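>>> Take this sequence and fold it.
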Amino acid sequence: RMNNQAPSSLQHSNSFANLLLSSALALSSLATAALCYNVFWLEPRKRKSIISDWEQKRQEERTGRIRAEVKLREALAKLQTTSSILSKDEESSGGDNLHILPLSTIGTVKSPYPKRMGTPRQGALVPSSRGFIQFMPSLAPEALDGIEEYSHCWVIFQFHENTSLATSKKTKIRPPRGGGIKVGQLSTRSPHRPNPLGLSLVTLERWEPSTRRLYIRALDLVDGTPVFDVKPYVHWDIPSEVTYDMGKLKLPTWVERKDDVLPDVIFEAHAEESLRKFVQSDKMSPLYAKKDSTSFHAAKQTLIEILAQDPRSSHRGLAKNQRGTLSSDGGTKKTFDSSESSNVDDIYRLLFSGVVVEFVVEPRGAVVKNILEAPSSSGESDE
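Numbers count the residues shown, from 1 in each chain. Here you go, the predicted structure:
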């Protein structure tokens with residue numbers, strides 16, 4: 001009997017559930033009908049407003065879904081590229097590459113150098129340059145407690161503007177100051193390395209926990225550089241034998257070259273006035289903001305330090321844009337051929353903190369001819 005009653009109870013439950021479902025559908029239909037009735041009999045203006053709001057919300061939902069799909073595709077593409085590179089590296093190393101380190105960005109650099117051209121080869125050559133590291137919200141400000149007690153720190157970063165592929169098999173390069181010689185990648189400070197990691201020594205200005213900004217000076221980092229780590233600089237970073245006897249510091253001859261420094265940097269009156277106006281109109285903020293009374297002189301001094309190093313390209317075959325260094329005989333003798341003397345008046349350009357600096361190289365040094373507002377797009381070519 002119990003077995004006979006079970007199907008009956010089950011049928012009763014199903015009937016009750018169907019009744020509830022039917023009731024819910026009926027109520028939903030009534031509610032929808034009532035809503036449509038109310039909307040239909042509203043004033044035309046209100047009805048149009050409600051319909052417009054519905055369409056806007058639907059469009060926002062669709063836009064958000066499209067953006068999410070785009071981000072997902074980009075993430076998958078990056079993952080596939082990374083996997084491909086890692087698999088190729090493993091094949092080339094015979095399967096011995098067992099130590100793969102995943103790195104995450106803890107911050108990005110804000111600097112006055114939007115392009116590689118004009119970025120100093122060493123930060124110490126431009127001690128007045130300004131910048132800051134903007135740390136990610138995911139990094140607690142407490143992680144930098146005590147950093148202000150140091151004067152300098154090392155920045156470990158990525159050469160994110162590299163044009164060479166990570167799979168490139170090149171082992172030798174021509175250093176810009178090497179006079180055409182070839183040396184091994186790892187015997188230089190070149191950004192083109194097996195792993196595009198850089199190490200830069202910067203001067204600490206101040207730490208602002210509220211904004212997560214570490215203000216620095218004497219930097220050689222392109223704007224937007226991803227930062228992986230910062231480490232305080234301590235006196236043990238200088239070998240003791242070098243501290244007491246600089247003669248024990250050994251360097252290649254091409255590294256010690258100093259004949260590519262221009263004898264002087266001159267601002268023409270119009271260019272200097274343009275620089276002052278750009279600072280006063282806050283076109284060079286946040287690094288050279290109008291509210292900072294030292295911004296104009298700081299920006300001018302940094303440009304002097306950059307141009308003194310002759311930022312033009314040194315690659316052979318680029319005669320028009322090639323670094324033409326001056327000798328130490330008072331700046332009257334040029335190291336480039338006299339047949340190229342017509343290039344002396346060529347105007348060169350570099351981007352600096354929102355402005356374009358136009359300059360020429362003459363026997364007396366670099367002459368700043370004009371300073372213009374930089375184009376809004378970031379696709380300018382390095383000339």
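>>> wait, Gln134 sits on Ile106?
No - with contact defined as CB atoms under 8 Å, Gln134 does not count as touching Ile106 (10.1 Å). (C-beta placed from N, C-alpha, C; glycine too.)
>>> Which one's more surrounded, these two?
Counted by other CB atoms under 10 Å, Gln134 and Ile106 do not tie: Ile106 has more neighbours, with 17 against 14.
>>> Over to that one: give its phi and psi.
The phi/psi pair for Ile106 (degrees, to the nearest 10) reads phi -100, psi -10.
>>> can you count the residues close to the closest residue to it other than its chain neighbours?
Spatial nearest neighbour of Ile106, excluding adjacent residues (CB to CB, 6 or more residues apart in numbering): Leu139 at 5.1 Å. Counted by other CB under 10 Å, the residues lying close to Leu139 total 14.
>>> Let me know the distance separating Leu139 from Phe159.
22 Å (CB to CB, to the nearest Å).
>>> Going along the chain, name the strands of the protein.
107-110, 130-135, 152-158, 172-173, 183-184, 197-208, 213-217, 226-232, 265-267, 348-352, 355-362, 365-373 (DSSP state E).
>>> weakest of the ones you listed by average pLDDT?
Mean pLDDT is lowest for strand 172-173 out of these, coming in at a mean of 86.
>>> Quick one: the helices in the stretch 1-150 of the chain, in order.
2-41, 44-92 (DSSP state H, counting those that start in this stretch).
>>> Worst mean pLDDT among these?
Per-stretch mean pLDDT for those is lowest at helix 2-41 (a mean of 60).
>>> what about the stretch 201-350 of the chain, any weak spots by pLDDT?
Counting by pLDDT under 70, the stretch 201-350 of the chain shows low-confidence ranges at 242-247, 258-259, 314-345.
>>> let's see 80
Counting by pLDDT under 80, the ranges of the stretch 201-350 of the chain that qualify are 240-249, 256-260, 313-345.
>>> can you give me the helices in the stretch 151-300 of the chain?
240-244, 269-280, 295-308.
>>> out of these, nearest to Pro196?
Among those, the nearest to Pro196 by CB to CB is helix 295-308 (23.5 Å).
>>> before we move on, back to that, from what I see, the residue nearest to Ile106 and Leu214 are in contact.
No - Leu139 is beyond contact range of Leu214, at 10.9 Å (criterion: CB under 8 Å).
>>> what do the two both touch?
Jointly contacting Leu139 and Leu214 under the rule CB atoms under 8 Å, 6 or more residues apart in numbering are Gly107.
>>> Quick check, Thr225 in contact with Ile156.
No - between Thr225 and Ile156 there is no contact under CB under 8 Å: 10.7 Å.
>>> So the two - more neighbours on which side?
Neighbours per residue (other CB under 10 Å) separate Thr225 from Ile156, with Thr225 holding more: 26 against 15.
>>> how close does the more buried one get to Pro175?
Using CB to CB, Thr225 is found at 21 Å from Pro175.
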